[in-house]
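> Sequence and computational prediction follow.
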Amino acid sequence: MGVSDTDDYQATIQKSRDRMSDLKAFDDTKAGVKGLVDAGIAEVPQIFILPPKNRPEYSDTCGSQFNFPVIDLEGMNEDPIKHKEIVDKVRDASETWGFFQVVNHGIPTPVLEGMLRGTQEFFEQDIEVKKQYYTRDVTKKVAHISNFDLYTPSVPAANWRDSIFFSMAPNPPSPEEFPRPCREILMDYSKHVMELGKSLFELLSEGLGLNPSYLNNIDCTEGLSVLGHYYPACPQPELAIGTSKHSDNDFITVLLQDHIGGLQVLHQNQWVDVPPTPGALVVNIGDLLQLISNDKYVSVEHRVLANKVGPRISVACFFYTGPFPSSKLYGPITELLSEDNPPKYRATTVEDYTHYFRKKGLDGTSALLHFKI
Ligand code: OGA
Ligand code: NI
């Protein structure tokens, strides 16, 4: 190594030390991104600044010519003709987009609005109370966290987002452990989402040509985690990102978003907006359903843009048991395999998949690749 190489090396080391101490200082506030905004910052701090090649404006084209699929679930279990139409639409969207919106899904609008409000109230409550929930302990069933992958070296920049995690099934904590501002609505909303989830897995099973109860019988609805997100207004949205590009690591996700917008899905190599639609819910296929369907259904990458306007609230419900102990193996469903369609993945437990996904963080690559045969 020449002298200047050594200098470069020293400079790189110093830079990563500085970054580490900035991350730690941010984490130690336990006040999240909202804490920075409340303190009146006018510029995005370094730890949130994306390298130019990762910034949304530079890299991407927007596919405004596409119509994001919307499926009306009205009458799905009453009228056999409607039922078949709905199964066809769900199959088609799950194969081509990995995403769709549902309307007339049976969850009353006041419950949706209450869940968004309860989430917002959690983040906007007294900071000293909120801080008590801040933790990186992944075994906790209630956890407030900004950037679960904050310290992952391959993650280029922290996201402009705070989150609150709740494990709702199969073993929820006792109700007193839920924060007061969202306690009742969270339990009510989760019950509704669980019911909707069971119906969605019936439609998805039929779409695969399986018995309607197939995916419920293999326990796709055993686990439910709820993740409430708070995206504060961002002073320089072109330099940062709300949520980096990723695919979800569950069976399916049911997402509730408010009116602000910013969620985008990668479709035919273009980023397509998921339009905020009052009363609608967004459903997407996760990595584990792509794995067990042997790539018939696709787990598609999506992201959330940072925005001058805020806060934006969203609530993502993940069907899977997450990091909690599990021994059941999930591999490509035998009934779907043939000589022409051999298994593309090795089997894994949900626990192992989740650990791998979390360790990797949202670094822009898919965790599924690691399980490919
Ligand atoms: C997620 C996610 C999107 C949003 O939580 O996995 O993609 O709109 N959220 O917050
Ligand atoms: Ni997601």
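Yep, that arrived. Ligands and ions are numbered 1, 2, ... in the order given.
> Which residue ranges of the protein form helices?
For the chain, the helices defined by DSSP state H occupy 3-29, 32-38, 56-59, 80-96, 109-124, 127-131, 183-207, 214-217, 287-292, 350-360.
> Mind telling me which of these the model trusts least?
With a mean of 70, helix 56-59 has the lowest mean pLDDT of the helices of the chain.
> on that earlier part again, buried deepest among the helices of the chain, which one?
Sort the helices of the chain by mean neighbour count, taking mean count of other CB atoms under 10 Å, and helix 287-292 sits at the top with a mean of 25. C-betas here are computed from N, CA, C, even on glycine.
> so what's the residue nearest the centre of the chain up against?
The centroid of the chain falls nearest to D248 when counting by CA atoms, centre = their mean (5.4 Å). When the contact criterion is CB atoms under 8 Å, 6 or more residues apart in numbering, the partners of D248 are 284, 286-287, 299, 316, 318.
> Make JSON lines out of the helices of the chain and add distance to ligand 1.
Formatted as JSON lines, those follow (distance: least, CB to the nearest ligand atom, whole Å):
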{"stretch": "helix 3-29", "distance to ligand 1": "20"}
{"stretch": "helix 32-38", "distance to ligand 1": "13"}
{"stretch": "helix 56-59", "distance to ligand 1": "15"}
{"stretch": "helix 80-96", "distance to ligand 1": "17"}
{"stretch": "helix 109-124", "distance to ligand 1": "11"}
{"stretch": "helix 127-131", "distance to ligand 1": "19"}
{"stretch": "helix 183-207", "distance to ligand 1": "14"}
{"stretch": "helix 214-217", "distance to ligand 1": "20"}
{"stretch": "helix 287-292", "distance to ligand 1": "11"}
{"stretch": "helix 350-360", "distance to ligand 1": "11"}
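> Can I get these in JSON lines including distance to D340?
Shown next, in JSON lines, are the helices of the chain (distance: least, CB to CB, whole Å):
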{"stretch": "helix 3-29", "distance to D340": "49"}
{"stretch": "helix 32-38", "distance to D340": "49"}
{"stretch": "helix 56-59", "distance to D340": "37"}
{"stretch": "helix 80-96", "distance to D340": "17"}
{"stretch": "helix 109-124", "distance to D340": "43"}
{"stretch": "helix 127-131", "distance to D340": "54"}
{"stretch": "helix 183-207", "distance to D340": "19"}
{"stretch": "helix 214-217", "distance to D340": "21"}
{"stretch": "helix 287-292", "distance to D340": "18"}
{"stretch": "helix 350-360", "distance to D340": "27"}
